[in-house]
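>>> Return atomic coordinates for the entry below.
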Amino acid sequence: MNKLSGPRLEGLAPIWSPAARLLLLGSFPSVASLQAQQYYGHPRNQFWRILAALWGQDLPAMSYAERVAAAQCHGLAIWDVYASCEREGSLDAAIRAPRPNDLAALVSLLPNLQAIAHNGGESARTLRVTAAFGLPVYQLPSTSPANASWSFERKLAAWSQVFARHGLI
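Okay, the predicted model is just below:
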């Protein structure tokens, strides 16, 4: 292990159903998410708050299993572009030696998939890969607390456009 890059970490399994119309890709789970074994598990990450505002459900008050079920019910699949990486802390800038997830395998299981959206810039580094699936691909503003330059309202407006375009709201 290289002291500068941190321990080798393994990501989370995808959340999906065959009915998914939008695949949302993050980069790699935060330390808090890995510890909880939950996507967007850091309490200051705005992911679940944004979905709550889009869907009119109090997702942050729900159990993780209920949030996952709501995402699936609304046609959202969730995964990360990296299966594993070396990293100290949670910042995307600290990711080293990433190994990609098999996005093609997941996409092949989603017959209703209409589009792919990247949650933030690090995830969007794989736009060349995701564009090869022949679907619309979007880069959404990161819901991470590290993306403080975008207000919640501005993030919500950007996410709302993509979700509305593909029938998720």
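
>>> Closest to the centroid, which residue in the protein?
Per CA atoms, centre = their mean, the C-alpha nearest to the average position across the chain is that of residue 26, at 3.3 Å.

>>> which residues touch that one?
39-40, 78-81, 119-120, 123 (CB atoms under 8 Å, 6 or more residues apart in numbering). (Each C-beta comes from the backbone N, C-alpha and C, glycine too.)

>>> who does it bridge with?
residue 80 (DSSP bridges).

>>> which residues of this protein fall in strands?
Per DSSP state E, the chain carries strands over the ranges 8-10, 22-26, 76-80, 82-86, 96-100, 115-119, 137-140.

>>> so can I have CSV of the ones you listed showing mean pLDDT and distance to residue 130?
Shown next, in CSV, are these (pLDDT from 0 to 100; distance: least, CB to CB, whole Å):
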stretch, mean pLDDT, distance to residue 130
strand 8-10, 97, 22
strand 22-26, 98, 7
strand 76-80, 98, 11
strand 82-86, 98, 13
strand 96-100, 97, 11
strand 115-119, 98, 5
strand 137-140, 98, 5
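
>>> Just name the most buried of these.
Highest mean neighbour count among the strands of the chain (mean count of other CB atoms under 10 Å): strand 22-26, with a mean of 26.

>>> Next, the angle strand 82-86 makes with that one.
Put simply, strand 22-26 runs at 0 degrees to strand 82-86, going by axes from the mean of the first three to the mean of the last three CA atoms, to 10 degrees.

>>> do you know which of the strands of the chain lies nearest residue 46?
Residue 46 lies closest to strand 115-119 among the strands of the chain, at 10.3 Å (CB to CB).

>>> Tell me which strands the closest one pairs with, and in which orientation.
As defined by DSSP bridges, the strand partners of strand 115-119 come to strand 22-26 (parallel), strand 137-140 (parallel).
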